[in-house]
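Visitor: okay, structure incoming, though there's no sequence with it:
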């Protein structure tokens, strides 16, 4: 019987280079999509998938993340006094239960694999999710919940993927599959930015994973890879020699909020998904065009 996935690692220590100067004083994952920080959507997605504990891997200058997921007595008291109950509910919606969130300093920007490794003592001997907060996913059923469904079906390790734009697979981390039948298929490998024409598939890794805790021992001794960083994909490739990996082509649309145009697209798309804003957003867009 597979252990339940209860914990999620959120590596948020990146500098947000692609969205500067907006991320100069505001952590990139705290930039707004419509009226909420990107991280608010990620935490909501995780909770819908049954996640009970969040492990944020942070860097210096990112105290705003921890402050956001804390109560704000002055704001809450002011809203209560003015009887603005609906806004108060919105302000309180992301507040965690005591002990539900942990914040770990990465200390040095040594890559995604290193960031995940930093969570080892909090995760312990359990399967866990990794959620890249840059990647915001618009879905009917939350993307991580789809991954958990797949994990409960086949166990092992799950990598969420999606089709790359035509002719652009060489720009991404691409998965190799042992045949392709439906949306869930066994993986045989991963290739980071393969040369054009050599791609083993058109499916790229899109920011949600379920991994077994044995990955920590691999990451602990792993040598630096591309960019001089400890790469999570290198660690997964090593673990694949010992454990099953499956790629799940999830149902939804991904918006890369670490990119200026991706962030703009996310704002438009999520505004149009909101029943209270969709008509006004559509009219505003049409007027601008």
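Guide: Now that the structure is in, tell me what you want to look at. Worth saying up front: this structure is predicted, and the values here are computed from it rather than measured.
Visitor: where does the protein dip in pLDDT?
Guide: Within the chain, the ranges that satisfy pLDDT under 70 run 1, 225-228.
Visitor: so which residues of it form strands?
Guide: Using DSSP state E, the strands of the chain run over 7-11, 32-33, 36-37, 53-58, 101-105, 128-131, 135-138, 157-163, 173-177, 184-192, 203-211, 245-249, 253-256.
Visitor: which other residues reach the third one?
Guide: Taking C-beta atoms under 8 Å, 6 or more residues apart in numbering as the criterion, the residues outside strand 36-37 that touch it are 29-31, 68. The C-beta positions use only the backbone N, C-alpha and C, and glycine is treated the same way.
Visitor: where does residue 259 fall, phi/psi-wise?
Guide: phi -120, psi 140 (degrees, to the nearest 10).
Visitor: now do residue 222
Guide: The phi/psi pair for residue 222 (degrees, to the nearest 10) is phi -70, psi 140.
Visitor: check residue 223 too.
Guide: phi -80, psi 160.
Visitor: thinking again about what came up before, can you list the strands of the chain in TSV and add mean neighbour count and distance to residue 45?
Guide: Output for the strands of the chain, formatted as TSV (neighbours: other C-beta atoms under 10 Å; distance: least, C-beta to C-beta, whole Å):
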stretch	mean neighbour count	distance to residue 45
strand 7-11	26	9
strand 32-33	18	13
strand 36-37	19	12
strand 53-58	22	11
strand 101-105	16	15
strand 128-131	26	7
strand 135-138	22	7
strand 157-163	24	12
strand 173-177	20	21
strand 184-192	18	19
strand 203-211	25	9
strand 245-249	23	15
strand 253-256	19	12
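Visitor: which residues does the closest residue to residue 144 other than its chain neighbours contact?
Guide: Once flanking residues are discounted, residue 144 sits nearest to residue 49: 3.9 Å by C-beta to C-beta, 6 or more residues apart in numbering. Residue 49 makes contact with 5, 129, 142, 144-145, 147-148, according to C-beta under 8 Å, 6+ apart.
Visitor: now with 6 Å?
Guide: Listed by C-beta atoms under 6 Å, 6 or more residues apart in numbering, the contact set of residue 49 reads 142, 144-145, 148.
Visitor: one more: residue 147?
Guide: 158, 160, 208, 210, 248.
Visitor: give me the neighbour count for the closest residue to residue 152 other than its chain neighbours.
Guide: Sequence neighbours aside, residue 2 is the residue nearest to residue 152 in space, at 6.4 Å (criterion: C-beta to C-beta, 6+ apart). Residues lying near residue 2 (other C-beta atoms under 10 Å) number 13.
Visitor: can you check residue 276 too?
Guide: Using other C-beta under 10 Å: residue 276 sits among 8 other residues.
Visitor: ok, so what distance separates it from residue 86?
Guide: 10 Å (C-beta to C-beta, to the nearest Å).
Visitor: and residue 74, by the same measure?
Guide: From residue 74 to residue 86 the distance is 19 Å (C-beta to C-beta).
Visitor: now residue 208
Guide: Residue 208 is 31 Å from residue 86, by C-beta to C-beta.
Visitor: ok, now residue 119?
Guide: Applying C-beta to C-beta, the value for residue 119 to residue 86 is 36 Å.
Visitor: these two: who's more crowded?
Guide: The residue with more neighbours, out of residue 119 and residue 86, is residue 119; 23 against 9, by other C-beta under 10 Å.
Visitor: tell me the contacts of residue 222?
Guide: Residue 222 neighbours (C-beta under 6 Å, 6+ apart): 230, 235.
Visitor: how much space separates it from residue 42?
Guide: 26 Å.
Visitor: and what of residue 119?
Guide: Where residue 42 is concerned, residue 119 sits at a distance of 16 Å (C-beta to C-beta).
Visitor: pick the one among the contacts of residue 49 closest to residue 196.
Guide: Nearest to residue 196 out of the contacts of residue 49 is residue 144 (C-beta to C-beta; 31.6 Å).
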